[in-house]
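Undergrad: predicted model and sequence follow; I will ask about them next.
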Amino acid sequence: MQSGFAFTKLADRLTSLLELSSDDLELLAQMPSSIRSFAPHEDVWRKGDEPTTCCLLLQGYVCWKDTDAGSGQITAIYVPGDVPDLYTTIVPRVAAQLNALSPVVAAFVPHAFLREARARSARLARALSLLTLADAATLRTWLTNLGSRDSLSRVAHLICEITVRLRAVGLGRDLRFPSPFTQSDLAAICGISPVHANRTIQDLRRRELLHWHSRTITVTDWAGLTQLAGFRPDYLMLRQLPTLESPATERQGAGSPLESSAQG
């Protein structure tokens, strides 16, 4: 059951990037894996580790953290279905700290299987390459956020991105999802102080763009949030954008603001 769950998560993520054939999916279903759980803030990999497996995230959120930068700058966040350390199939040495942001369940897939899958299927090889390229494109977008956007639009953009990435793998329905970060984590992502992060969240609440209650985020005005963020999801390389609507918009039967902005 666990290996089947792992296969489903990876298949959903890869097919969000590229259509796979039944033969590709059959090959992917042969994937061996071992399942591990992690507590919040526990290390999945430490800098300098030389893994022989890749971490396929099944539940929760993980992040790359640069521990050389004071308390640790968060440079990437991953959602279920992601493989944050896929590059280690080529360069098997971890260059930063892979850390659990929440309770996490992950499947560890042998490098040997992923290399074999690439060799046996050109489409699987392309899908795995697209996964790595989307990761790099997301990092470039995060750098743009830090250098060109104010703190309010940085935070709004991040929430838009997480929302779309979750919906692409069938999660975050009704634009409601567990928060992948505390306010301190948010500060470490957006290059602001925790106090400033708290004020920014309050500002988004006052604008009635979202609710952030305890560890749950609900986007209440998707169109307004994407406009504030200047969010365009092209860099995520999804082959089909998920339909996203605020709850009020859904009741009115309006079209998807995300699809409209992507086509405009």
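TA: Done, it's in. Please read these numbers as outputs of a predicted model, since none were measured by experiment.

Undergrad: which elements pack onto the helix ranked longest in the chain?
TA: When secondary structure is assigned using DSSP state H, the longest helix within the chain turns out to be helix 122-148. Under the contact criterion of 3 or more C-beta pairs under 8 Å, 6 or more residues apart in numbering; DSSP states H and E, the helices and strands touching helix 122-148 comprise helix 2-15, helix 22-29, strand 73-78, helix 111-120, helix 151-168, helix 183-190. All C-beta spots, glycine's among them, are computed from the backbone N, C-alpha and C.

Undergrad: got those as a markdown table, with distance to residue 226, mean neighbour count and mean pLDDT columns?
TA: Listed next are the helices and strands packed on helix 122-148 as a markdown table, based on distance: least, C-beta to C-beta, whole Å; neighbours: other C-beta atoms under 10 Å; pLDDT from 0 to 100:
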| stretch | distance to residue 226 | mean neighbour count | mean pLDDT |
| --- | --- | --- | --- |
| helix 2-15 | 23 | 19 | 85 |
| helix 22-29 | 33 | 15 | 95 |
| strand 73-78 | 19 | 20 | 94 |
| helix 111-120 | 34 | 15 | 97 |
| helix 151-168 | 6 | 22 | 95 |
| helix 183-190 | 17 | 22 | 89 |
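
Undergrad: circling back to that earlier point, show me what counts as buried in the longest helix of the chain.
TA: Within helix 122-148, the residues that count as buried by 16 or more other C-beta atoms under 10 Å are 124, 127, 128, 130, 131, 134, 135, 138, 141, 142, 145.

Undergrad: switch those over to TSV; also include distance to residue 84 and pLDDT.
TA: Supplementary listing: the buried residues of helix 122-148 in TSV, determined by distance: C-beta to C-beta, whole Å; pLDDT from 0 to 100:
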residue	distance to residue 84	pLDDT
124	19	97
127	16	97
128	13	97
130	15	97
131	10	97
134	12	96
135	8	96
138	11	96
141	16	95
142	14	94
145	19	91
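
Undergrad: from those residues, which is closest to residue 13?
TA: Within those, distances to residue 13 taken as C-beta to C-beta reach their minimum at residue 131, with 7.1 Å.

Undergrad: these two touch, right, that closest one and residue 86?
TA: Yes: counting by C-beta atoms under 8 Å, residue 131 does reach residue 86; the two are 6.1 Å apart.

Undergrad: in which helix or strand does residue 36 reside?
TA: Using DSSP states H and E, residue 36 sits within strand 34-38.

Undergrad: not counting that strand itself, show me its contacts.
TA: Defining contact as C-beta atoms under 8 Å, 6 or more residues apart in numbering, one finds that strand 34-38 is touched by 2, 6, 44, 53, 58, 60, 62, 100, 103-108.

Undergrad: just the buried residues out of the residues you listed, in ChimeraX syntax.
TA: This is the ChimeraX syntax for the buried subset of the contacts of strand 34-38, where burial follows 16+ other C-beta under 10 Å:
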select :6,44,53,58,60,62,100,104,105,106,107,108
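
Undergrad: pipe the contacts of strand 34-38 into CSV and attach secondary structure and distance to residue 36 per row.
TA: What follows is the contacts of strand 34-38, written out as CSV (DSSP: H, G, I helix; E, B strand; the rest coil; distance: C-beta to C-beta, whole Å):
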residue, secondary structure, distance to residue 36
2, helix, 11
6, helix, 11
44, strand, 8
53, strand, 10
58, strand, 10
60, coil, 12
62, strand, 12
100, strand, 10
103, coil, 12
104, strand, 9
105, strand, 8
106, strand, 6
107, strand, 8
108, strand, 6
